[in-house]
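K.L.:
need a 3D model of the following:
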Amino acid sequence: MAGNWQLAKRRPALEARARIVQTIRAFFMEQDFLEVETPQRIPVNAPELHIDAVRSGSWSLHTSPELCMKRLLAAGYPRLFQICRVWRDAERGRRHLPEFTMLEWYRADADYLDLMNDCEALLQALLPSGSLPVRDATIALAAPWQRLTVADAFSAYASLPLAQALAADRFDEVLSNEVEPRLGRERPTFLYDYPAGLAALARRKANQTDLAERFELYIAGVEIANAFSELTDPDEQRQRFSADEASRRQQGKEPLPLPEKFLSELANLPPSAGIALGLDRLVMLLTGAASIDAVVAFTPEEL
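P.N.:
You can find the predicted model right below:
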């Protein structure tokens, strides 16, 4: 009987993926990060309006290991990383899977600027040549990478300014259709300083409280990572969670409790920063794959 050629043809990509994962692990171990594994089935995720969890009995599969990893930070672990599977309901597309692999790392006594430096160093470890060929272009990886505020990006690339996009509830639409395709085309771009209302777990900037210390990393128009300086005020975090949960319920989504154990330990969290990087998308870029389907062993449709 002939083998499954669809699976067989992915072998070069899966071999490259394995090497990439091994390099990532070595990078963080050399930086004195502790690799951890946290439960993937949890009582409740952080409430997010545009992300729905996959239910598992009365609990849920985690959409991110963030809450558990920050509880470890609060318990005194200074540097952590994790490579794990995460689940988000009804996400499917050329760059999306409902079950995918996330790389997350967290630093105590750090902020989002430190994570930008980490990203630059990690990509240079993965590509010692200092460049990444993408379609008909070459992305230069030499640091420093471009750092562009959200407001400046809208001014440069969008058909309307940031404030107008927010007022018209068109931020996501304009960002996706007009801004993102222009980012990271010659060198990676950190899109940073998001409006505070779009960064539910991020710390506000001390001198500009309408902004949050959050960035997203783009390479060749593809969002690779989301990062921020962590909010450590449990009262403000509870207020933000409650507001997000109220918005979820207004949209008719299932009512969920707040993550009380996380909130009860948040006051012990030191000044810190964390980042989530989509490993499958990174492998797509590094291997030149046109779709996320090409860099995973099985797609949902093949099961």
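
K.L.:
so where do the helices sit in the stretch 1-150 of the chain?
P.N.:
Ranges of helices within the stretch 1-150 of the chain are 5-8, 11-30, 66-74, 112-126, 150-157, based on DSSP state H, counting those that start in this stretch.

K.L.:
rounded mean pLDDT for the fourth one, please.
P.N.:
Just to be clear, that refers to helix 112-126. Averaged over helix 112-126, pLDDT sits at 98.

K.L.:
tell me what that helix is packed against?
P.N.:
In terms of contacts (3 or more Cβ pairs under 8 Å, 6 or more residues apart in numbering; DSSP states H and E), helix 112-126 is packed against helix 11-30, strand 99-108, strand 189-195, strand 208-219, strand 222-229, strand 272-278. C-betas here are computed from N, CA, C, even on glycine.

K.L.:
so for that helix, what gets flagged as buried?
P.N.:
Buried residues in helix 112-126, counting neighbours by 16 or more other Cβ atoms under 10 Å, are found at 112, 115, 116, 118, 119, 120, 122, 123, 126.

K.L.:
and which of these is nearest to residue 208?
P.N.:
Nearest to residue 208, judged by Cβ to Cβ, of the buried residues of helix 112-126 is residue 112 at 13.8 Å.

K.L.:
does that closest one touch residue 227 like I think?
P.N.:
Yes - in this structure residue 112 lies within contact range of residue 227 using Cβ atoms under 8 Å: 5.6 Å.

K.L.:
please enumerate the shared neighbours of the two.
P.N.:
Shared contacts of residue 112 and residue 227 (Cβ atoms under 8 Å, 6 or more residues apart in numbering): 214, 215, 273.

K.L.:
out of these, who's nearest residue 45?
P.N.:
Closest to residue 45 out of the shared contacts of residue 112 and residue 227 is residue 214 (18.6 Å), distances taken as Cβ to Cβ.

K.L.:
separation between the closest one and residue 11?
P.N.:
The gap separating residue 214 from residue 11 is 38 Å, by Cβ to Cβ, to the nearest Å.

K.L.:
and what of residue 282?
P.N.:
Between residue 282 and residue 11 the computed distance is 19 Å (Cβ to Cβ).

K.L.:
who's more crowded, these two?
P.N.:
Shown here are residue 282 and residue 11; by other Cβ atoms under 10 Å, residue 282 has more neighbours (24 against 10).

K.L.:
returning to what we had before: ok, which of the helices of the stretch 1-150 of the chain comes nearest residue 205?
P.N.:
Using Cβ to Cβ as the measure, helix 112-126 is the one of the helices of the stretch 1-150 of the chain that comes nearest residue 205, at 10.0 Å.

K.L.:
ok, and what's touching that closest one?
P.N.:
Helix 112-126 is contacted from outside by 20, 23-24, 27, 31, 105, 107, 130, 132, 141, 143-145, 147, 188, 190, 192, 213-215, 217, 225, 227-229, 273-275, 277, 286, using Cβ under 8 Å, 6+ apart.

K.L.:
could you redo the last one with a cut-off of 6 Å?
P.N.:
If you take Cβ atoms under 6 Å, 6 or more residues apart in numbering as the criterion, helix 112-126 is touched by 23, 27, 107, 141, 143, 145, 190, 213, 215, 217, 227-229, 273, 275.
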